[in-house]
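Visitor: build me a structure from this.
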Amino acid sequence: MGGPETGTTGTIVQTTIRSSVTFTGVGLHGGRRARMTLHPASAEHGIWFRRSDVIGADAVIPAQWDAVSNARLCTVIGNPAGVTVSTIEHIMAALVGCGIHNVLVEIDGPEVPILDGSAAPFVTGIMARGVRVLRAPLRCIEMLESVEVRDGDSLARLAPARALEIDFGIDFADAAIGRQRKVLSMGNGAFVRELSDCRTFCRQSDVEMMHSSGLALGGSYENAVVVDGERVLSPGGLRRPDEAVRHKMLDALGDLALAGLPILGRYTGRRAGHAMTNRLLRAMFARPEAYRIVECSQAQRRNLPGVGVSSADIPAVA
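Guide: Predicted coordinates:
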């Protein structure tokens, strides 16, 4: 597998999955079991979610930056009818990281299954189905000027770059995480190899706080990395020494996917989360002089997530 692909005329074209794939599991925050199926979609469809359990109301929601209704602990999208789907960031990262541009995500509940807390199970399912090329040119967002948002010590920025690059830094008091920083270009299958298996994480004190607020009801040591000071409480410990910052990069890729088109630019995040990334996209789209939308060239194609991915790139844990 290696989308996006080139059509017979040399145009860089859009993609979808070859056939449907289903995932089942509990939601991290609501604890409710859900069944989610990715269906192939036509060119220019984009990524949409449909709540199959909703009757008598509009049940479809676009995976777009301006549909985000909440981004405090996870990314939640909704429509004017009040129908929502939450915790979409991991499946969005998997789709973008596998080079999929068009898909219908059908789900029978309000929250995407957390599975093992990473994007690896989604990547495995998507890549097992493969990519289908569609007869439409692929467009991307090319950053022309820097756009930045701040909130205290938190920062998120998009700046001009030839590829989608992610530069992320975190700083936690718990020694098991501490201060971490990583920079990666997302081209040439880097997401699948370097980030897809990295799990969501939290501190034990955060778990207790969330439980008291009726959140993280589906969380466990099996689908999240839980730390307490120097200790990693989850069985088997960390998958990578810097798994925490890599997961933050995974989240950032999923949240950036809500731009609706692949981005060519350098994303910098410092103590940033879902809300900061969504604020950044809103700030970018409010400044049309800061970017332009172009049809992807061959050179740009090589710098997009999902290009050059093969089954050998999937981490062993998946």
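Visitor: now the stretch 151-300 of the chain, which segments are flagged as low pLDDT?
Guide: The model of the stretch 151-300 of the chain has pLDDT under 70 over residues 211-217.
Visitor: where along it do the helices fall?
Guide: 190, 204-212, 243-256, 274-285, 298-301 (DSSP state H, counting those that start in this stretch).
Visitor: got JSON lines for the ones you listed, with distance to Gly99 and mean neighbour count too?
Guide: The C-beta positions use only the backbone N, C-alpha and C, and glycine is treated the same way. Below are those laid out as JSON lines (distance: least, Cβ to Cβ, whole Å; neighbours: other Cβ atoms under 10 Å):
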{"stretch": "helix 190", "distance to Gly99": "12", "mean neighbour count": "24"}
{"stretch": "helix 204-212", "distance to Gly99": "34", "mean neighbour count": "14"}
{"stretch": "helix 243-256", "distance to Gly99": "12", "mean neighbour count": "26"}
{"stretch": "helix 274-285", "distance to Gly99": "20", "mean neighbour count": "21"}
{"stretch": "helix 298-301", "distance to Gly99": "10", "mean neighbour count": "15"}
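Visitor: out of these, which comes closest to Ser146?
Guide: helix 274-285 (9.9 Å; Cβ to Cβ).
Visitor: right, and Gly25 touches Arg32 too?
Guide: No: using Cβ atoms under 8 Å, Gly25 makes no contact with Arg32, being 10.2 Å away.
Visitor: for those two, indicate the residue with more neighbours.
Guide: Taking other Cβ atoms under 10 Å, Gly25 and Arg32 do not tie; Gly25 has more neighbours (18 against 14).
Visitor: ok but that one is inside a strand, no?
Guide: Yes: checked against DSSP: H, G, I helix; E, B strand; the rest coil, Gly25 lies within a strand.
Visitor: and it, what does it touch?
Guide: 33-34, 113-115 (Cβ atoms under 8 Å, 6 or more residues apart in numbering).
Visitor: ok, 7 Å please
Guide: Applying Cβ atoms under 7 Å, 6 or more residues apart in numbering to Gly25 gives the contacts 113-115.
Visitor: just want the most central residue of this protein.
Guide: Centroid-nearest residue in the chain, with Cα atoms, centre = their mean: Gly254, separated by 1.7 Å.
Visitor: average pLDDT across stretch 55-68?
Guide: Mean pLDDT, stretch 55-68: 97.
Visitor: what residues sit buried inside that stretch?
Guide: 59, 61, 63-65, 67-68 (16 or more other Cβ atoms under 10 Å).
Visitor: then stretch 229-239?
Guide: 232, 234, 238-239.
Visitor: sorry, back to before: spatially, which two of the buried residues of stretch 55-68 are the most separated?
Guide: Farthest pair in the buried residues of stretch 55-68, by Cβ to Cβ: Ala59 and Trp65, 20.5 Å.
Visitor: low-confidence ranges in the stretch 1-150 of the chain?
Guide: If you take pLDDT under 70 as the line, the stretch 1-150 of the chain has these spans: 1-11.
Visitor: can you pull out the helices in it?
Guide: 89-97, 120-129.
Visitor: surely Ala259 is in contact with Ala283?
Guide: No: at 12.0 Å, Ala259 does not count as touching Ala283 under the criterion of Cβ atoms under 7 Å.
Visitor: list the contacts of the closest residue to Tyr267 other than its chain neighbours.
Guide: Spatial nearest neighbour of Tyr267, chain neighbours left out: Ile166 (5.0 Å); criterion: Cβ to Cβ, 6 or more residues apart in numbering. Residues near Ile166 by Cβ under 7 Å, 6+ apart: 184, 186, 249, 252-253, 267.
Visitor: which member of the residues you listed is positioned nearest Gln298?
Guide: Met186 (17.5 Å).
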